[in-house]
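1. prediction below, plus the sequence it came from.
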Amino acid sequence: MHKSSRWFAIVNPHSANGKTRKRWPHYLKRLRDEGYLIDYTYTTGPGEGTRITRNLLNDGYTHIISVGGDGTMNEVVNGFFSDNLLINPQAELAVFSHGTGCDFIRTLQIPKGIEGFIQILKRGNKRQVDVGEVLFYDNYGKQLQRYFLNVADVGLGGETVARVNQQSKLLGGKLSFLIGSVISIFKYRNKMMSCEIDGKVICSGRLNSIMVANGRYIGGGMMIAPHAELDDALFDVVVLGDFSTWTILRNIPKIYRGTHLKIPGVGVYRGQSVVVSSDQRILLDLDGEQPGHGPIQFRLMPSILCLWGY
Ligand SMILES: Nc1ncnc2c1ncn2[C@@H]1O[C@H](COP(=O)(O)OP(=O)(O)OP(=O)(O)O)[C@@H](O)[C@H]1O
């Protein structure tokens, strides 16, 4: 049977604290029982989701499922591109979200779990969505490029993820995340940053964070950009001003509810290109990873990727 009539699932067995490895055989059986033709492979380490996706698309597969958390989805999305171009503009992505945070699918309001995912496939609704491109620097001063579907942020989030990822080698799982987040909120000092959108400087000074959002949620359910749409050809840029630790902590419930935009010192802007620069070291957070630092450039690629799940 031709590869374009089959789905290929890229499964991160490590996601959802290892639960994905245990449950995938059951999910696969459910999908096959429903009549879907599915091939799959497990990733064996970080970054592999991108390489596998590229190989599959070059090999003639057109229907890809990412099985895991937002990190896996991010790696798979990156695999749709090579040399700044889509490998196959006809290729399609479905996200079976099975991670710890699962922030991306909250924007789509897809129910979690295998039954929700089967509903997505049955409904067959899909849409061309926007993808963000980000350019940043690694520790050796080399410029790197990545793509993202959900939210990227600069500032507190980047420092938190860097700390959590360092600690998780020692502690593991949720405890490291909690401890790392609390330590970061207390230790982080707001940075002198400047943010330019579509060629105009929209703010400059001491700021806590700059969020560049295509989707709405980060951090396991915080609705940081409540009005962001995946297919509106715009980033929503949410700037958190020079807030104290206490102000951040006090307003966390508002951020979860998405009612923080009215707080004085929060700015919301829209645009297709964003540049964040600073004389200080500013860290990028990309779907729970901390791949590098500033200056950071974001560019929106409108309606470029076919996504299932509407
Ligand atoms: N086989 C593997 N072993 C270890 N790590 C892996 C493997 N495959 C992928 N990874 C890495 O696991 C990391 C976490 O995956 P992912 O984000 O999908 O799950 P999660 O953390 O449970 O979910 P979420 O990000 O939604 O909270 C990713 O950075 C990915 O690179």
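-> Sure thing, it's come through.

2. low-confidence regions, the stretch 1-150 of the chain specifically.
-> 1-4 (pLDDT under 70).

3. quick one: the helices in it?
-> In the stretch 1-150 of the chain, the helices defined using DSSP state H, counting those that start in this stretch lie at 19-33, 48-58, 70-79, 104-108, 113-123.

4. same question for the stretch 151-300 of the chain.
-> 156-168, 173-187, 245-257.

5. what parts of the stretch 201-310 of the chain come near the ligand?
-> Gly288, Glu289 (Cβ under 6 Å from any ligand atom). C-betas here are computed from N, CA, C, even on glycine.

6. for the residue of the stretch 151-300 of the chain found nearest the ligand, give me the pLDDT.
-> Distance from the ligand to each residue of the stretch 151-300 of the chain (Cβ to the nearest ligand atom) is smallest for Gly288, at 4.5 Å. Per-residue pLDDT puts Gly288 at 81.

7. that one reaches Val161, doesn't it?
-> Yes. Proximity of Gly288 to Val161 meets the contact threshold set by Cβ atoms under 8 Å, at 6.0 Å.

8. pipe the helices of the stretch 151-300 of the chain into JSON lines and attach mean neighbour count, mean pLDDT and distance to Asn12 per row.
-> Output for the helices of the stretch 151-300 of the chain, formatted as JSON lines (neighbours: other Cβ atoms under 10 Å; pLDDT from 0 to 100; distance: least, Cβ to Cβ, whole Å):
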{"stretch": "helix 156-168", "mean neighbour count": "21", "mean pLDDT": "83", "distance to Asn12": "15"}
{"stretch": "helix 173-187", "mean neighbour count": "15", "mean pLDDT": "79", "distance to Asn12": "15"}
{"stretch": "helix 245-257", "mean neighbour count": "14", "mean pLDDT": "92", "distance to Asn12": "26"}
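
9. tell me which residues touch Met222, please.
-> By Cβ atoms under 8 Å, 6 or more residues apart in numbering, the contact set of Met222 is Ile252, Ile255, Tyr256.

10. let's see it at 7 Å
-> Contacts for Met222 (Cβ atoms under 7 Å, 6 or more residues apart in numbering) come out as Ile255, Tyr256.

11. quickly list what it is bridged to.
-> Judged by DSSP bridges, the bridge partners of Met222 are Ile218.

12. who are the neighbours in contact with Phe136?
-> Leu144, Leu284, Pro291, Gly292, His293, Gly294, Ile296.

13. please read the previous query as pertaining to Ile38.
-> Ile38 touches Arg6, Trp7, Ala9, Leu28, Leu31, Arg32, counting by Cβ under 7 Å, 6+ apart.

14. closest one of the residues you listed to the ligand?
-> So of the contacts of Ile38, ranked by how close each gets to the ligand (Cβ to the nearest ligand atom), first place is Ala9, at 13.3 Å.

15. can you count the residues close to that closest one?
-> For Ala9, the count of nearby residues is 22 (other Cβ atoms under 10 Å).

16. which residues of the stretch 51-200 of the chain lie near the ligand?
-> For the stretch 51-200 of the chain, the contact set with the ligand under Cβ under 6 Å from any ligand atom comprises Gly68, Gly69, Asp70, Gly71, Thr72, Glu75, Gly99, Thr100, Gly101, Cys102.

17. now do 5 Å
-> For the stretch 51-200 of the chain, the residues in contact with the ligand (Cβ under 5 Å from any ligand atom) are Gly68, Gly69, Asp70, Gly71, Thr72, Gly99, Thr100, Gly101, Cys102.
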